[in-house]
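Participant: Sequence and predicted structure are below.
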Amino acid sequence: MAKAIMIQGTMSNAGKSLLAAGLCRIFKQDGYKTAPFKSQNMALNSFITREGLEMGRAQVMQAEAAGIEPSVLMNPILLKPTNDTGSQVIVNGEVLGTMNARDYFSYKKQLVPEVKKAYETLAAEYDIIVLEGAGSPAEINLKKEDLVNMGMAKLARAPVLLAGDIDRGGVFAQLVGTVMLLEEEEQKYVKGLVINKFRGDKTILDPGIAMLEEKCGIPVVGTVPYMQLDLEDEDSLTERLNREKEVGLIDIAVIRLPRISNFTDFNVLESFSGVSLRYVEKVSQLKKPDMIVLPGTKNTMKDLSWLRQSGMEAAILKAKENGAVIFGICGGYQMLGETLSDPRGIEEGGSMRGMGLLPEDTMFAGEKTRTRVRGKFGKLEGVLAGLSHLPLEGYEIHMGVSRSKQNTMQAVTMIKDQCEEDSLLKCDGAQADNVYGSYVHGIFDKEGVARGVIEALAKAKGVALEHLSSFDYGKYKESQYDLLADTLRQYLDMEQIYKILEEGI
């Protein structure tokens with residue numbers, strides 16, 4: 001069985017996912033076959049594996065860092081919030097159903113065998129498993145039937161590194177308070193403390209570290225600086241969505257829907273100089289972008305209502321009339337159509353008017369489409385005509401089915417299931433008058449696509465972008481994982497961490 005080590009945090013967004021990814025990369029570099037594991041993840045950013053199963057993107061990012069193919073074994077339970085009190089529950093990559101928080105809390109003990117089976121299957125195949133917790137292990141109201149923090153550490157017999165976020169302040173109280181709220185048996189699992197996201201002169205911190213170690217009786221195994229890395233973020237807590245940006249020569253505005261999902265679709269567009277990618281949630285922030293993107297969402301109908309009530313829909317329609325390109329992906333694509341109907345009550349029930357920019361009708365079906373796809377862009381018209389026939393890869397993950405009201409409607413992409421070599425190309429998406437929609441997540445990631453979008457927008461605007469070269473997003477991410485590993489090697493006591501890993505519990 002694999003050796004195990006677990007990253008837990010004092011709170012959400014303490015940096016657990018990035019630390020776990022960094023350890024996965026380090027262990028890979030050191031010659032160990034390594035896999036990530038998070039028993040239960042709550043996020044709207046998800047991914048479809050080659051088998052057509054759904055999992056959280058944080059474990060996909062960590063699997064990439066480890067140099068392995070993502071598997072739902074790495075994230076057996078995924079919770080996708082549908083509202084403030086309920087979530088879609090996905091087990092082993094397939095939808096179990098939608099539950100409110102209280103019902104799920106009562107039910108989740110039945111999922112322990114699934115978690116145990118997934119972990120043991122991974123542990124039999126790998127040398128090291130890097131586990132990640134969720135939130136804080138000291139949420140005393142949630143500790144009963146816990147299967148993601150100390151409950152998981154006990155199941156895996158995994159020593160724990162507890163990370164605190166100094167950037168938010170109060171890191172000593174975070175770490176000491178968390179340890180104090182753990183039961184005596186749980187405290188024995190915590191073998192090291194990590195101060196994360198530090199800015200400044202570490203020598204000023206040293207007296208506090210000495211006192212921290214004395215109070216907790218646990219060594220501090222690293223003080224990790226605030227890292228400026230361009231890696232995928234787990235969910236809507238990401239700072240990426242809150243960054244204030246100056247408008248660039250080419251300006252792309254992504255509408256920050258209340259239930260935005262898979263915003264990682266647009267990361268590659270941020271990588272070109274002279275291009276601004278801004279997430280906007282107020283009409284006053286929209287300004288005059290060259291392209292507006294409507295992203296995926298966990299609740300298309302509710303977020304379309306928000307667009308309407310906030311005035312954003314009217315602003316988007318006005319921008320379109322003034323020449324802006326509109327691009328919708330998944331839920332955003334559904335919004336661009338004429339009608340949305342939900343006879344089975346999968347989202348909100350009933351029907352509603354769409355934005356009317358594409359001659360499409362969407363009906364929400366009971367079965368979720370989950371598939372990895374590859375293919376090419378169709379024959380595009382308008383500003384993005386230069387993308388025509390470029391190859392693409394991505395994945396579909398949606399409940400609705402959209403059908404064109406025009407027999408001659410041009411598809412945006414021609415795609416097929418990646419796993420079925422003999423499958424035929426099928427039409428996806430729709431286009432009309434510089435408005436484009438597609439169900440394919442990751443549509444801009446394939447080399448040449450993002451560059452093609454930027455070049456097309458620049459040409460339409462009549463401006464020239466210097467030094468706009470081909471961009472290999474895969475190689476770029478690899479360099480970021482190496483930078484992450486290099487930074488952690490410098491600021492973590494890896495000799496001590498290897499000792500903790502070897503000794504176990």
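Facilitator: The structure has been received and is ready for your questions.
Participant: hey, which helix is longest across the protein?
Facilitator: Determined from DSSP state H, the single longest helix within the chain is helix 473-491.
Participant: And the next helix-or-strand element following that one, what's buried?
Facilitator: Remark: after helix 473-491, the chain's next helix or strand is helix 494-503, criterion DSSP states H and E. Applying a neighbour-count criterion of 16 or more other CB atoms under 10 Å, one finds Met494, Ile497, Ile500, Leu501 buried in helix 494-503. (Each C-beta comes from the backbone N, C-alpha and C, glycine too.)
Participant: got the contact list for the nearest residue to Pro137 once chain neighbours are set aside?
Facilitator: In space, and not counting its chain neighbours, Pro137 is closest to Asn149: 3.8 Å by CB to CB, 6 or more residues apart in numbering. Contact analysis of Asn149 by CB atoms under 8 Å, 6 or more residues apart in numbering lists Gln8, Gly133, Ala134, Gly135, Ser136, Pro137.
Participant: ChimeraX command to pick out the buried ones of those?
Facilitator: Buried subset of the contacts of Asn149, written as a ChimeraX selection, criterion 16+ other CB under 10 Å:
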select :8,133,134,135,136,137
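Participant: closest to Gly93 among the contacts of Asn149?
Facilitator: Nearest to Gly93 among the contacts of Asn149 is Ala134, at 18.5 Å by CB to CB.
Participant: returning to that earlier point: for the longest helix of the chain, give me every contacting residue.
Facilitator: Applying CB under 8 Å, 6+ apart, the contact partners of helix 473-491 are 18-19, 21-23, 25-26, 29, 64-65, 222-225, 227, 229-231, 268, 271, 445, 447, 450, 494.
Participant: Sketch out the low-pLDDT regions of the stretch 201-350 of the chain for me.
Facilitator: Residue ranges of the stretch 201-350 of the chain with pLDDT under 70: 233-243.
Participant: where do the strands sit along it?
Facilitator: 220-225, 250-255, 260-261, 275-280, 291-294, 296-297, 325-329, 339-342, 350-353 (DSSP state E, counting those that start in this stretch).
Participant: Okay, now the sheet partners of the second one, with direction.
Facilitator: This means strand 250-255. Note on strand 250-255: by DSSP bridges, its sheet partners are strand 275-280 (parallel), strand 291-294 (parallel).
Participant: CA-only coordinates of the longest one, as PDB, when you get a sec.
Facilitator: In PDB, the C-alpha atoms belonging to strand 275-280 read as follows (Å, rounded to 0.1, in the frame of the first residue of the first chain):
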ATOM      1  CA  VAL A 275      -5.100  41.400 -23.700                       C
ATOM      2  CA  SER A 276      -7.200  42.100 -20.700                       C
ATOM      3  CA  LEU A 277      -9.600  39.400 -19.400                       C
ATOM      4  CA  ARG A 278     -11.900  40.900 -16.900                       C
ATOM      5  CA  TYR A 279     -14.600  39.300 -14.700                       C
ATOM      6  CA  VAL A 280     -17.500  41.700 -14.400                       C
END
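Participant: buried ones in that strand?
Facilitator: By 16+ other CB under 10 Å, the buried positions in strand 275-280 come out as Val275, Ser276, Leu277, Arg278, Tyr279, Val280.
Participant: In CSV: the residues you listed, plus distance to Asn141.
Facilitator: Shown next, in CSV, are those (distance: CB to CB, whole Å):
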residue, distance to Asn141
Val275, 45
Ser276, 42
Leu277, 39
Arg278, 38
Tyr279, 33
Val280, 36
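Participant: Tabulate the contacts of Asn149 (TSV), appending pLDDT.
Facilitator: Compiled in TSV, these are given as follows (pLDDT from 0 to 100):
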residue	pLDDT
Gln8	98
Gly133	96
Ala134	93
Gly135	91
Ser136	94
Pro137	95
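Participant: out of the contacts of Asn149, who's nearest Pro391?
Facilitator: Checking the contacts of Asn149 one by one against Pro391 (CB to CB), the nearest turns out to be Ala134, at 37.2 Å.
Participant: wait, doesn't the closest one sit right on Ala43?
Facilitator: No: assessed by CB atoms under 8 Å, Ala134 is found out of contact with Ala43, at 9.8 Å.
Participant: Against Val383, how distant is Lys459?
Facilitator: 8 Å (CB to CB, to the nearest Å).
Participant: so Ile90 bridges to which residues?
Facilitator: Beta-bridge partners recorded for Ile90 (DSSP bridges): Leu78, Val95.
Participant: Which single one of the contacts of Asn149 is nearest to Phe172?
Facilitator: For the contacts of Asn149, the nearest to Phe172 is Ser136 (15.4 Å; CB to CB).
Participant: Now do the contacts for that closest one.
Facilitator: By CB under 8 Å, 6+ apart, the residues touching Ser136 are Gln8, Gly9, Thr10, Met11, Ser12, Asn149, Thr178.
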